[in-house]
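J.: no sequence for this one, just the structure:
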């Protein structure tokens, strides 16, 4: 599905990208951001980032893994600049309590425009620190961030193509609400196991009759043993 088809909607074109093991895990039970991607997949992800207007992560990924969310390739950054864009996409955090360190990689690695959606549970000191760093902060008087409102705000900022890099709870909520257009997955030839190890989608879960249908539209088998799967979500809005 092409991004232009979504331009008349009050949200960006949204796609989730994940690297997962053959048993569906996106991390080990230690939840420290275990390496799953091959070198080729890392290059694929860098290309996806370079082609996106923004990259979004949820609270646990943001606070526990402190991702940089930058384009690693100098050539890809140069291509973005040649198109009149910033070297890196906008970095977006969805976090109930934005307890970021002022020296975090998420805030410091760049250059990049940063947007954080949070709630009244974030302290005034943290909000002040974020704003002093030039972060656009949207604060809701609720216990959770309203994802529909967040996507509408991003659309208003000119974000037309949004890449989501987890975690599992954010992935599930976006899919459950019909706010995702595509899912792209690198399936690595390895097994993590572990009941508490996260999968691509977590959250409250669904009954079988409520399962969200996917349409497989692309498959690649790589020499590194991995497989690329791309799905359209047939219940997006």
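T.: In hand now; what should we look at? Owing to the predicted nature of the structure, the values given are computational and were not obtained by experimental measurement.

J.: who's in contact with residue 61?
T.: 67, 165, 166, 167, 170 (Cβ atoms under 8 Å, 6 or more residues apart in numbering). (Glycine included, C-beta is placed from N, CA and C.)

J.: go on, residue 125?
T.: Going by Cβ under 8 Å, 6+ apart, residue 125 touches no other residue.

J.: which stretch of helix or strand covers it?
T.: Residue 125 belongs to helix 124-132 when assigned by DSSP states H and E.

J.: give the rounded mean pLDDT of that helix.
T.: For helix 124-132, mean pLDDT is 97.

J.: the chain should start at 14 in everything you say after this.
T.: Okay, using 14 as the starting number, the last item reads as helix 137-145.

J.: which residues in this protein form strands?
T.: For the chain, the strands defined by DSSP state E occupy 26-34, 67-71, 103-107, 127-132, 149-153, 174-177, 195-201, 227-234, 240-246.

J.: low-confidence ranges, the protein, go.
T.: Counting by pLDDT under 70, the chain contains low-confidence ranges at 14-21, 248-250.

J.: just to revisit the earlier point, now render the contacts of residue 74 as TSV, adding distance to residue 206.
T.: Below are those laid out as TSV (distance: Cβ to Cβ, whole Å):
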residue	distance to residue 206
80	25
178	23
179	19
180	19
183	23
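
J.: okay if I get those residues as TSV plus neighbour count?
T.: TSV is the format used below for the contacts of residue 74 (neighbours: other Cβ atoms under 10 Å):
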residue	neighbour count
80	19
178	21
179	26
180	25
183	26
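
J.: residue 200: which of those residues is nearest?
T.: Nearest to residue 200 among the contacts of residue 74 is residue 179, at 15.4 Å by Cβ to Cβ.

J.: surely residue 193 touches residue 175?
T.: No. The criterion here is Cβ atoms under 8 Å, and residue 193 misses it with residue 175 at 9.6 Å.
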